[in-house]
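[1] make a model of this:
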Amino acid sequence: MLTFMNNETENNADQQQTRVISLFSLVGMSMTFMMGFISLFNSNHELTITLFFASMIYCFAYISLKKYHTLKLSSYITIYSLYLLMFYLVFTGGVEQTGPLWIFIVAPVSVYILGLTSGLINLAFFLTVIAIIIFLPTDSIPHVTYSMEFKLRLILSFLTTTFLSALYEYLRMISFKSALELSKKYQQLALSDPLTKLANRRNALTILQQEKSRTSRNDDPLSILLCDLDHFKMVNDKYGHNCGDMVLTELAQVFTKSVRQQDCVARWGGEEFLFILPQTSAEQAFVIAEKIRINVQRHSVYCHEQDISLTMSIGISQLTDNQTIDEMINNADRYLYQAKKNGRNQVYPQ
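    Numbers count the residues shown, from 1 in each chain. Presented below is the predicted three-dimensional model:
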C-alpha cells in the first residue's frame, strides 16, 4: 500500500511536468506562429519560414504529448528545437538585431525540462555554440555582427541567468524531496500502528477489500486470522504499561517473521491482531495459525528483570461466495471467542 501511494506521488510529479511541457509547447507554437505572421507582413520571408517551421515542430510536440503521452520525446523536441531557433536568431540577428534577447528563456527551460545536471551540461553546450556564432569572423561565413561590448554583456547576462535558474531548480528539487519525504511519513502514519509499526485497522480493511476483489477475479481462496493475546490485561496490571507496550512491539516482530511475504499483519485494536492470508484456504490457514501460536508461546519478553510469556487464541475465517468483509470478520471473531471459551491458547476451528 505504501509503495502504491509513493508511486502515486511520483506520478503526480510526472503529471506536473507533462502539464508544463504541454503549456510550453502550446505557448511556443502560438508565439512563433504569431511572430511568423508579423515577419510575413514585414516581408522577411526567411524569418517567416523559420518561425512557421518552429511553430509546426512545437505543434507536433504538443500533439505527441497529448495524444500519445510521449513525455520524454516531447521534452527533447521542445528543448532542442528551442536551441536551434535561438542559434538561428543569434546568427541572423532576427528583427533589427533583437534575436539574441530571446536566449534568456533557454536557461530556466533547460534546467526544468532536462534536470539540474543534464540541464547545465546542455547549457554549457548551448553557450559554446552561441559564443562560436557571435565571435565567428564575418569573412569566413557571412552573419550579423555585434559590438564587442554587446557580446560580452550577452554572455555574462546569460551566465547570470543560468546561475539563478540553476539555483532555483536546486532549491525546487530540495523542496520537492522534503515534501515527498514528509508525504511518505504522513502516509505511513495514516496506514500503520504507531506502536507496533504494523498495518492499522483502516489499512487492513482497505487491503481486505482489494484482496476480496482480486479473489473474485481469480477465484483464489482468502482467509483471515483474528487473534487475541490471552490475559494481556494482567501484564499491564502486574508489570506496567511500558512492559505491555514492549510485549506488543516484540510480538509484532514475531508475527511478521511467522508469515509469508504476501500476507499482511495488522493491529486490529488493543491486544487483537488480524492476519490477512491471500490465496490461502481455511486448512492452510490453520497450519499458519498453529505456527504463529507456537512461536508466541515460545517467545518471552524480558522487562523489569522478568521474563514475560503469553499465549494466543486464534479464530479462522475463509471468505465464501457472496460474503461481505464484515461477515467474514464477524465469523473470525465468533471463532476467536469459541477458542477462548474452550480454554485459550488454541486455534478454532481445528
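[2] flag the shaky bits of the stretch 201-350 of the chain, pLDDT-wise.
    For the stretch 201-350 of the chain, no stretch is flagged by pLDDT under 70.
[3] how about the strands in it?
    Ranges of strands within the stretch 201-350 of the chain are 222-229, 264-269, 272-278, 300-303, 306-309, 312-318, 347-348, based on DSSP state E, counting those that start in this stretch.
[4] quick one: closest of those to R214.
    With Cβ to Cβ, the closest approach to R214 among these belongs to strand 272-278: 7.4 Å. Bear in mind the C-beta positions are built from the backbone N, C-alpha and C, glycine included.
[5] partners of that closest one, with directions?
    Here strand 272-278 is paired, per DSSP bridges, with strand 222-229 (antiparallel), strand 264-269 (antiparallel).
[6] now do the domain split for the protein, please.
    2-188, 201-348 (automatic domain parsing).
[7] include mean neighbour count and distance to L195 when you put the ones you listed into TSV, please.
    Shown next, in TSV, are the domains of the chain (neighbours: other Cβ atoms under 10 Å; distance: least, Cβ to Cβ, whole Å):
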stretch	mean neighbour count	distance to L195
domain 2-188	16	14
domain 201-348	17	6
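[8] dump these to CSV, plus distance to P194.
    CSV is the format used below for these (distance: least, Cβ to Cβ, whole Å):
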stretch, distance to P194
domain 2-188, 10
domain 201-348, 10
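[9] touching, L226 and D333? I think so.
    Yes: using Cβ atoms under 8 Å, L226 makes contact with D333 at a distance of 5.7 Å.
[10] now list whatever residues contact both of the two.
    G315 (Cβ atoms under 8 Å, 6 or more residues apart in numbering).
[11] stretch 186-200: end-to-end distance?
    Using Cα to Cα, to the nearest Å, the end-to-end distance of stretch 186-200 comes to 14 Å.
[12] and that stretch, what's its mean pLDDT?
    Here stretch 186-200 scores 88 as its mean pLDDT.
[13] mind listing what's buried in it?
    Within stretch 186-200, the residues scored as buried using 16 or more other Cβ atoms under 10 Å are Q187, L191, S192, D193, T196, L198, A199, N200.
[14] farthest-separated two in those?
    Q187 and T196 (17.3 Å).
[15] circling back to that earlier point, the strands paired with strand 272-278 into CSV, with extra columns for distance to H45?
    Below are the strands paired with strand 272-278 laid out as CSV (distance: least, Cβ to Cβ, whole Å):
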stretch, distance to H45
strand 222-229, 72
strand 264-269, 69
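[16] now for the ones you listed, which one comes closest to R298?
    strand 222-229 (14.5 Å).
[17] what's the angle between that closest one and strand 312-318?
    With axes from the mean of the first three to the mean of the last three Cα atoms, to 10 degrees applied, the angle from strand 222-229 to strand 312-318 works out at 160 degrees.
[18] and strand 222-229, how far out from the chain middle?
    32 Å (Cα atoms, centre = their mean, to the nearest Å).
[19] need phi/psi at S147.
    Dihedral pair for S147: phi -70, psi 160, per degrees, to the nearest 10.
[20] so how far is Q97 from it?
    10 Å (Cβ to Cβ, to the nearest Å).
[21] likewise F126?
    From F126 to Q97 the distance is 20 Å (Cβ to Cβ).
[22] before we move on, which element is the residue lying closest to L73 once chain neighbours are set aside in?
    Counting by Cβ to Cβ, 6 or more residues apart in numbering, L73 lies nearest to S64, which is 6.2 Å off, once chain neighbours are set aside. Using DSSP states H and E, S64 maps to helix 45-68.
[23] tell me which helix or strand comes right after that helix.
    Going down the chain from helix 45-68, the next helix or strand is helix 71-92, by DSSP H and E.
[24] what angle separates that following helix from helix 45-68?
    Interaxial angle of helix 71-92 relative to helix 45-68 (the same axes, to 10 degrees): 170 degrees.
[25] output the contacting helices and strands for helix 71-92.
    helix 2-41, helix 45-68, helix 106-114, helix 116-135 (3 or more Cβ pairs under 8 Å, 6 or more residues apart in numbering; DSSP states H and E).
[26] that one to helix 2-41, inter-axis angle?
    Going by the same axes, to 10 degrees, helix 71-92 makes 30 degrees with helix 2-41.
[27] give me the contacts around helix 71-92.
    With Cβ under 8 Å, 6+ apart as the test, helix 71-92 has contacts from 14, 17-18, 21-22, 24-25, 28, 32, 46-47, 50, 54, 57-58, 60-62, 64-65, 99-100, 102-103, 105-106, 109-110, 113-114, 122, 126, 129-130, 133-134, 143-144.
[28] nearest to I325, out of the strands of the stretch 201-350 of the chain?
    That would be strand 222-229 among the strands of the stretch 201-350 of the chain, by Cβ to Cβ, at 9.3 Å.
[29] alpha carbons of the closest one, as CSV, please.
    What follows is strand 222-229, C-alpha atoms only, in CSV (Å, rounded to 0.1, in the frame of the first residue of the first chain):
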residue,chain,number,x,y,z
LEU,A,222,-8.8,-15.9,1.0
SER,A,223,-8.6,-16.5,4.8
ILE,A,224,-8.1,-14.3,7.8
LEU,A,225,-6.9,-15.0,11.4
LEU,A,226,-8.3,-12.9,14.2
CYS,A,227,-6.0,-13.3,17.2
ASP,A,228,-6.1,-12.1,20.8
LEU,A,229,-3.4,-12.3,23.5
